[in-house]
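Visitor: pasting the sequence and the predicted coordinates here, then a few questions.
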Amino acid sequence: DGLGDAGRSDGLGDAGRSEELSFTIEDYPEVDGSTSTEPLQVLIACKLLGVDFHWTEHFDGSNRLRADESAPETAEMAEYINRNIIHTGTHGSYVNLIENRADVIRADLILVARPPSQDELDLARSNGVEMEIQAAALDAFVFVFNINNPVEGLTTKQIQDIYTGVTVNWSEVGGNTADINPYQRDRNSGSQELMEALVMKDLEIIDAPDMILEGMMGPINVISTDESGIGYSVYFYEQFMAPNEQLKLVAIDGVMPNFENIKARAYPYTTEVYAVVRSDLDESSPAYKLWRWLLTAQGQDAVRESGYVPIE
């Protein structure tokens with residue numbers, strides 16, 4: 001299945017749970033990941049290298065975490081973090097981890113919002129690579145509505161009917177009399193894979209190329225001006241990286257996505273954020289040590305500080 005021995009990825013022993021890490025910019029691991037996990041990755045690097053950080057606006061309109069380059073004593077490390085901790089997206093990071101090509105982009109550890117897709121497992125198999133996967137944080141798959149849409153919640157069945165074309169008007173689910181615009185994401189994106197795995201399962205999503213949005217800001221930008229739109233994202237991204245007063249999250253099967261419901265796994269589409277390495281990674285390497293550290297008390301404190309829900 002492209003995965004390594006689960007026994008190696010089931011957490012840490014007592015010694016590992018209290019392990020302190022120390023890195024320099026010369027030995028910091030090559031990392032990558034989903035767009036939504038980049039702030040967590042930056043925060044971790046800042047914590048381990050002793051650099052301050054702050055939120056700032058990205059060129060695409062989202063918020064990103066950046067290392068503070070203003071302090072002279074940590075400026076070099078901050079510049080390193082801002083230059084090197086850049087995520088290429090869920091699919092891209094899996095490819096970079098599997099292929100690990102120095103002439104392109106290497107990745108020894110990735111933080112991703114979903115398990116590997118079938119395409120990625122096939123790529124791993126063709127390259128003779130197995131992966132070690134462990135859950136490092138909790139997130140949630142959420143549905144995004146325009147703030148002016150009166151619908152406050154849907155059931156899983158109602159969402160399935162919308163995305164298979166059975167339900168086409170908002171009046172059928174308690175909303176206004178208006179055609180539903182069911183937006184999708186592109187193939188192999190983290191959001192699209194979660195949609196298919198968690199919600200649609202074996203059901204076929206309607207073929208609507210004009211409804212496919214590129215990038216995580218796609219649904220945010222479009223639905224903020226489309227009162228008839230429905231789209232999806234992940235909780236951390238929508239709440240912390242792309243907050244928008246023209247959007248709202250809705251309850252699914254009667255449960256709202258929020259910190260408490262995600263922590264309790266009461267929200268039906270609670271998901272896990274995964275830390276992934278190759279199974280042949282040297283256990284004495286910086287990347288493997290960082291992978292283990294994520295489940296320590298210090299690692300989980302960093303998860304909570306970022307806004308993600310810790311694994312407990």
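Guide: Arrived safely. Just so it is clear, the model here is predicted, and its values are computed rather than measured.

Visitor: going by C-alpha atoms from here, please, whenever you check contacts or count neighbours.
Guide: Noted.

Visitor: longest helix in the chain, please.
Guide: helix 38-49 (DSSP state H).

Visitor: from the chain's centre, how far out does the next helix or strand after that helix sit?
Guide: Counting by DSSP states H and E, the element after helix 38-49 in chain order, helix or strand, is strand 53-57. Relative to its parent chain, strand 53-57 has a centroid offset of 18 Å by CA atoms, centre = their mean, to the nearest Å.

Visitor: could you find the closest non-adjacent residue to the residue nearest the centre of the chain?
Guide: By CA atoms, centre = their mean, the chain has its centre lying nearest to Ala113, at 3.3 Å. Nearest residue to Ala113, sequence neighbours excluded (CA to CA, 6 or more residues apart in numbering): Val273, at 4.7 Å.

Visitor: tell me the spacing between the one you found and Gly153.
Guide: Val273 sits 25 Å away from Gly153, going by CA to CA, to the nearest Å.

Visitor: now Met131
Guide: Relative to Gly153, Met131 is positioned 37 Å away (CA to CA).

Visitor: ok, longest strand in the chain?
Guide: In terms of residue count, the longest strand belonging to the chain (DSSP state E) is strand 131-146.

Visitor: that one packs against which elements?
Guide: helix 217-223, strand 229-234, helix 235-236, strand 247-249, helix 259-263, strand 270-278, helix 297-306, strand 309-310 (3 or more CA pairs under 8 Å, 6 or more residues apart in numbering; DSSP states H and E).

Visitor: next, the angle from it to strand 229-234.
Guide: Put simply, strand 131-146 runs at 150 degrees to strand 229-234, going by axes from the mean of the first three to the mean of the last three CA atoms, to 10 degrees.

Visitor: so after strand 131-146, what's the next helix or strand?
Guide: Next along the chain after strand 131-146, taking DSSP H and E as the criterion, comes strand 153-154.

Visitor: list the buried ones in the next helix or strand after that following strand?
Guide: Scanning forward in sequence from strand 153-154 by DSSP H and E, the next helix or strand is helix 156-163. By 16 or more other CA atoms under 10 Å, the buried positions in helix 156-163 come out as Thr156, Gln158, Ile159, Gln160, Asp161, Ile162, Tyr163.

Visitor: got it, and stretch 283-295?
Guide: Pro286, Ala287, Tyr288, Lys289, Leu290, Trp291, Arg292, Trp293, Leu294, Leu295.

Visitor: which of these lies closest to Glu99?
Guide: Comparing these against Glu99 with CA to CA places Ala287 closest, at 16.1 Å.

Visitor: the closest one in helix, strand or coil?
Guide: On the three-state scheme (DSSP: H, G, I helix; E, B strand; the rest coil), Ala287 is labelled helix.

Visitor: excluding chain neighbours, what is closest to it?
Guide: Among residues not flanking Ala287 along the chain, Pro29 sits closest, at 5.0 Å (CA to CA, 6+ apart).

Visitor: please confirm that that neighbour is located within a helix.
Guide: No - assessed by three-state DSSP, Pro29 does not belong to a helix; its assignment is coil.

Visitor: ok, now how distant is it from Phe141?
Guide: Distance, Pro29 to Phe141, using CA to CA: 29 Å.

Visitor: where in the stretch 1-150 of the chain is pLDDT low?
Guide: 1-19 (pLDDT under 70).

Visitor: and Gly174, how far from Gly153?
Guide: 9 Å.

Visitor: ok, Val144 next?
Guide: Counting by CA to CA, the gap from Val144 to Gly153 is 11 Å.

Visitor: overlap in contacts, those two.
Guide: Val250 (CA atoms under 8 Å, 6 or more residues apart in numbering).

Visitor: what about the closest residue to Gly50 other than its chain neighbours, how many neighbours?
Guide: Nearest non-adjacent residue to Gly50, counting by CA to CA, 6+ apart: Thr74, 7.6 Å away. Per other CA atoms under 10 Å, the neighbour tally for Thr74 reads 16.

Visitor: Thr74 against Val51, yeah?
Guide: Yes - checked against CA atoms under 8 Å, the pair Thr74 and Val51 is within contact range at 6.1 Å.

Visitor: what do these two both touch?
Guide: Overlap of the contact sets of Thr74 and Val51 (by CA under 8 Å, 6+ apart) is empty.

Visitor: got a list of what the spatially closest residue to Asn169 that is not a sequence neighbour touches?
Guide: Closest residue in space to Asn169, ignoring its immediate chain neighbours: Asp179 at 4.4 Å, by CA to CA, 6+ apart. Counting by CA under 8 Å, 6+ apart, Asp179 makes contact with Val168, Asn169, Trp170, Ser228.
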